[in-house]
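> make a model of this:
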Amino acid sequence: MAILAAVHHLTHYKYDRPVVLGPQVIRLQPAPHSRTKVLSHSLKVEPKNHFVNLQQDPYGNFLARFVFPEPVTELKIEVDLVADMTVYNPFDFFVEESAETFPFDYPEEIREDLAIYRTPEPAGPLLSKFLDSIDRSPTNTVNFLVDLNARLQREIAYIVRMETGVFSPEETLAAAKGSCRDSSWLLVQILRNLGIAARFVSGYLIQLKPDLVSLDGPPGTAVDFTDLHAWCEVYIPGAGWIGFDPTSGLLTGESHVPLAATPHYRNAAPISGVASFANVDFGFDMRVDRIAEHPRITKPFSDESWEALDALGNKVDAVLRDEDVRLTMGGEPTFVSIDDFESAEW
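Residues are numbered from 1 along each chain as shown. You can find the predicted model right below:
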């Protein structure tokens, strides 16, 4: 029983003169390892005069490489997908006994395969100071990762940055704030310095207004919305790649739809390519619509069903009034026959 959410994503470049486009690499197809089930997906690119090659990159992500043989005055990219927003437990995994306690080492048979995800960039003074503050004494691995992710959420304030690029860990720590991609890249570097395999993930975040407002936790979004997002994934023996979102301080769930998971953020950009010089009018739009809602514990009936039930109830009330039927409520019968108290009517 779930909600089906339809996502529409539009990216539109309008140029003030004909431009020559280099190959455009588009990474807007949900990745193979997405735990959120994607029921349908379509990618539409204009101008229609182009060549396209559908590929998988060295890390298994889907990409589409577009080549435009003639100069263009616009580039329009539209994505439509339908996601099954069935809730799942992000902790629904097992950890190999050898990795249950941090620090741990990876099995020899996969150690070399994970080398690219365990090699950090040189740490600056602020990152080194942060690393020194981390307690390395033996502890439960999952708890350690959860606490580290939550710490970043507390110490790095979230901001919206429209400019391109990703802050270095030093820049993010110095500012104590950053976008989702900044804090995710910081978490990747912290984990690699701890010997833990980590990768950068770009994807869609689909957040739906909750049926009930939490009494003791975050209230959640007030409206349904979707946007591009970034987070981190950690390889845990036995569990595989597990998503951690330092923006929320939580594990990733059904709201996270990965598009690309790579060792470096530069290979996870949703759209990459070059164009000759021109002034650009940039258009961007994202929206999410609920196209199906099944009954569930927190919302057993649709709004239309509730209206029908209310209308029927009002009709019954009217009939009872017209027939002068009066209802009373009470406990057990108060009066019984003194002469025939064992008869069926009592």
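> could you use CA atoms for every contact and neighbour count after this?
OK.
> helices of the stretch 1-150 of the chain, start to end?
Using DSSP state H, counting those that start in this stretch, the helices found in the stretch 1-150 of the chain span residues 108-111, 115-118, 125-132, 141-155.
> for the stretch 201-346 of the chain, same thing?
Using DSSP H, counting those that start in this stretch, helices in the stretch 201-346 of the chain cover 303-322.
> where in it is pLDDT low?
By pLDDT under 70, the low-scoring segments of the stretch 201-346 of the chain are 214-219, 327-338, 341, 346.
> how close does D285 sit to T226?
As judged by CA to CA, to the nearest Å, D285 and T226 stand 10 Å apart.
> which positions within stretch 227-245 qualify as buried?
228-237, 241-245 (16 or more other CA atoms under 10 Å).
> for stretch 74-91, same thing?
In stretch 74-91, counting by 16+ other CA under 10 Å, buried: 74-85.
> restricted to strands, list these.
Among those, the ones falling in strands (DSSP state E) are 74-84.
> mind putting these into JSON lines with distance to W306 and pLDDT?
Shown next, in JSON lines, are those (distance: CA to CA, whole Å; pLDDT from 0 to 100):
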{"residue": "E74", "distance to W306": "48", "pLDDT": "97"}
{"residue": "L75", "distance to W306": "46", "pLDDT": "98"}
{"residue": "K76", "distance to W306": "42", "pLDDT": "98"}
{"residue": "I77", "distance to W306": "40", "pLDDT": "98"}
{"residue": "E78", "distance to W306": "36", "pLDDT": "98"}
{"residue": "V79", "distance to W306": "34", "pLDDT": "98"}
{"residue": "D80", "distance to W306": "31", "pLDDT": "98"}
{"residue": "L81", "distance to W306": "30", "pLDDT": "98"}
{"residue": "V82", "distance to W306": "26", "pLDDT": "98"}
{"residue": "A83", "distance to W306": "26", "pLDDT": "97"}
{"residue": "D84", "distance to W306": "24", "pLDDT": "96"}
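> looking at those residues, which is nearest N314?
Closest approach between these and N314, by CA to CA: D84, at 36.2 Å.
> and that closest one, what are its bridge partners?
As for beta bridges, D84 partners with L4, K37 under DSSP bridges.
> so what's V79 up against?
The contact partners of V79, by CA atoms under 8 Å, 6 or more residues apart in numbering, come to 7-10, 28, 41-44.
> count of residues packed around E323?
8 (other CA atoms under 10 Å).
> and the closest residue to T226 other than its chain neighbours, how many residues sit next to it?
Of all residues not flanking T226 in the chain, I206 sits nearest, at 4.5 Å (CA to CA, 6 or more residues apart in numbering). Residues near I206, counting by other CA under 10 Å, number 22.
> what separates I206 from Y88, distance-wise?
Distance of I206 to Y88, computed by CA to CA: 14 Å.
> show me the strands in the stretch 151-300 of the chain, by range?
157-158, 177-178, 198-207, 225-236, 240-245, 250-251, 256-262, 271-272, 280-293 (DSSP state E, counting those that start in this stretch).
> any chance of these in TSV, plus distance to P138?
Shown next, in TSV, are those (distance: least, CA to CA, whole Å):
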stretch	distance to P138
strand 157-158	29
strand 177-178	30
strand 198-207	20
strand 225-236	16
strand 240-245	21
strand 250-251	22
strand 256-262	29
strand 271-272	42
strand 280-293	44
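> for those, which one sits closest to T164?
Once the strands of the stretch 151-300 of the chain are compared by CA to CA, strand 271-272 is nearest, at 11.4 Å.
> and that closest one, what does it pack against?
Counting contacts by 3 or more CA pairs under 8 Å, 6 or more residues apart in numbering; DSSP states H and E, strand 271-272 is packed against strand 24-26.
> which residues touch the strand it packs on?
63-67, 270-274.
> quick check, nearest of these to G22?
Nearest member of these to G22, counting by CA to CA, is V274, at 5.2 Å.
> now that closest one: how far from V67?
Plainly put, V274 is 11 Å away from V67 if you go by CA to CA.
> identify the contacts common to those two.
With CA under 8 Å, 6+ apart as the test, V274 and V67 both reach 21-24.
> may I see the ChimeraX selection of the buried members of those?
Buried subset of the shared contacts of V274 and V67, written as a ChimeraX selection, criterion 16+ other CA under 10 Å:
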select :21,23,24
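> of the shared contacts of V274 and V67, closest to V325?
Proximity of the shared contacts of V274 and V67 to V325 was ranked by CA to CA; the top entry is Q24 with 74.5 Å.
> for the strands of the stretch 151-300 of the chain, which one sits closest to H50?
So among those, strand 271-272 is nearest, using CA to CA, at 16.1 Å.
> got the contact list for the closest one?
Strand 271-272 is contacted by residues 24-28 when judged by CA under 8 Å, 6+ apart.
> and if we set it to 7 Å?
With CA atoms under 7 Å, 6 or more residues apart in numbering as the test, strand 271-272 has contacts from 24-27.
> cool, stretch 115-132 as well?
Here stretch 115-132 makes contact (CA under 7 Å, 6+ apart) with 169-170, 173, 189, 192-193, 195-199, 263.
> quick one: average pLDDT of it?
Stretch 115-132 shows a mean pLDDT of 97.
> from here on, call the first residue 743.
Sounds good: first residue 743 from here, last item stretch 857-874.
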